[in-house]
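**Q** Sequence and predicted structure, then a few things I'm wondering about:
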Amino acid sequence: MKIGVSGASGQLGKAVLKRLGELPGGYEVAGISRSPHNVGYADEARFGDYDDQDSLREAYCGLDRLLIIPTLDLKYGARARQLVHAIDAALSAGVEHIVLISDAGTREDPEPHIGAASWAGEQHLIKLAPRWTILRANYFMESFAQEVVLSTVAGRMAELGEGRVGFVSRDDVAAAAAGILVGTGHSGAIYNATGSEALSLADRAQLIEKVGGQRIDIVQISLEELSIELQLAKYPEDYRGLVVDIKRKTSEGGYDIVTGDVERLSGQPPVALGDVLKSYLVQSVL
C-alpha cells in the first residue's frame, strides 16, 4: 500500500509523517508539498501545489490512500478552492481512499468565515469520492498556548464570550490521522479529534495560573473592542480576521466537543492541555 500526505511540509504534515514512520506495516509513504525539500520522515518527497491542479494530479498518481491537509491561505475563497482542486486531482489520479483534515463544529458557513472552506471541502468529498474519511480537529492546544504566551505581557486574555473548548494537541491529531491511513473500517466515517475534557473560561484561567505561576484575567469584550485590540497589537489584517473568527466560534460553542476518537484511532489517550502549556511557557522564559 502506498500512502500520500498532502501538505507534508507543514507542522501537522510533518507530525503525521513522523507518526507513520513509527508504525509497523508494509507500506510506502510519499510526502507531497510545494516545498518538497522540506519534507522529512517519508520514503519520497513529491512536488504538489494546491494552486496548480496539474502538479497535484501528477503527485497523487499511484497512491492508494491520501491525506489532504488544508493550507492556512487566508485570501478570500482560497482554501475552499484549494481543497476542491486537491480532491478533484486525487479522484483523477485514481486514489482509492481520501482522508480530509477538517475543523470541529463544521457547518455551512459563508465566506470569509474560516469554516466556509471546511464545509466546501467536506461536501465536495462526500458527493464525489467513492471512499472517504473526514477527521475534524478541535482547537489546537499549541495555538492556545501561543496566545497565552503573548497574553502574559498584558496580563489578560480577551474573549467574546463563555465557551467551553475541548482542546487537542497537534500530535494527537497526527496520530489519529495516521491510524486512519493505515487502518480499516473507516470509509464513510466522520471523526472528531478532541482532548479528554472541555474547559470553561474559568478552567482555562485557573490552569494558566497553576502552570505558569502568573494570574491572567480572561475578560469578555465585544466584537468591536476585540478588533480594536488586535489592531493596536499590530496583528496583520488577514490574521486579525482569523483570530476574530476563532473567538466567535468559541463563544458560540463551536469547539465544545469531546469524543474518544483520538484514543480509538491512535491507541493512546490524548495529552492534557497543561502539559503543552507548560512546554510553551518554559520556552518563552528561556
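**A** Thanks, I have it.
**Q** Please tell me I have it right and residue 5 contacts residue 69.
**A** Yes - because the distance of 7.2 Å satisfies Cβ atoms under 8 Å, residue 5 is recorded as touching residue 69. All C-beta atoms are positioned from the backbone trio N, CA, C, and that covers glycine.
**Q** if you count what's nearby, which of the two comes out ahead?
**A** More crowded of residue 5 and residue 69, by other Cβ atoms under 10 Å: residue 5, with 32 against 25.
**Q** Where does that one fall, secondary structure wise?
**A** If you go by DSSP states H and E, residue 5 is part of strand 2-6.
**Q** got the contact list for that strand?
**A** With contact meaning Cβ atoms under 8 Å, 6 or more residues apart in numbering, strand 2-6 is reached by 13, 16-17, 20, 27-33, 42, 46, 48, 50, 56, 59-60, 62-69, 86, 95, 181-182.
**Q** So which of those residues are in strands?
**A** 28, 29, 30, 31, 32, 33, 46, 65, 66, 67, 68 (DSSP state E).
**Q** Now residue 223: closest residue in space that isn't a chain neighbour?
**A** If the residues on either side of it in the chain are set aside, residue 223 comes closest to residue 160, at 6.2 Å by Cβ to Cβ, 6 or more residues apart in numbering.
**Q** Distance check, the one you found against residue 243.
**A** As judged by Cβ to Cβ, to the nearest Å, residue 160 and residue 243 stand 11 Å apart.
**Q** For those two, list the residues in contact with both.
**A** Common contact partners of residue 160 and residue 243 (Cβ under 8 Å, 6+ apart): residue 226.
**Q** Kindly export the worst-scoring helix or strand of the chain on mean pLDDT (C-alpha atoms) in PDB.
**A** Lowest on mean pLDDT, DSSP states H and E among the helices and strands of the chain sits helix 223-232, with a mean of 82. What follows is helix 223-232, C-alpha atoms only, in PDB (Å, rounded to 0.1, in the frame of the first residue of the first chain):
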ATOM      1  CA  LEU A 223     -16.500  42.200  18.700                       C
ATOM      2  CA  GLU A 224     -15.700  45.800  18.100                       C
ATOM      3  CA  GLU A 225     -13.400  46.000  21.100                       C
ATOM      4  CA  LEU A 226     -11.600  42.800  20.100                       C
ATOM      5  CA  SER A 227     -11.000  44.200  16.600                       C
ATOM      6  CA  ILE A 228      -9.500  47.400  18.000                       C
ATOM      7  CA  GLU A 229      -7.300  45.400  20.500                       C
ATOM      8  CA  LEU A 230      -5.900  43.300  17.700                       C
ATOM      9  CA  GLN A 231      -5.300  46.300  15.500                       C
ATOM     10  CA  LEU A 232      -3.400  48.100  18.300                       C
END
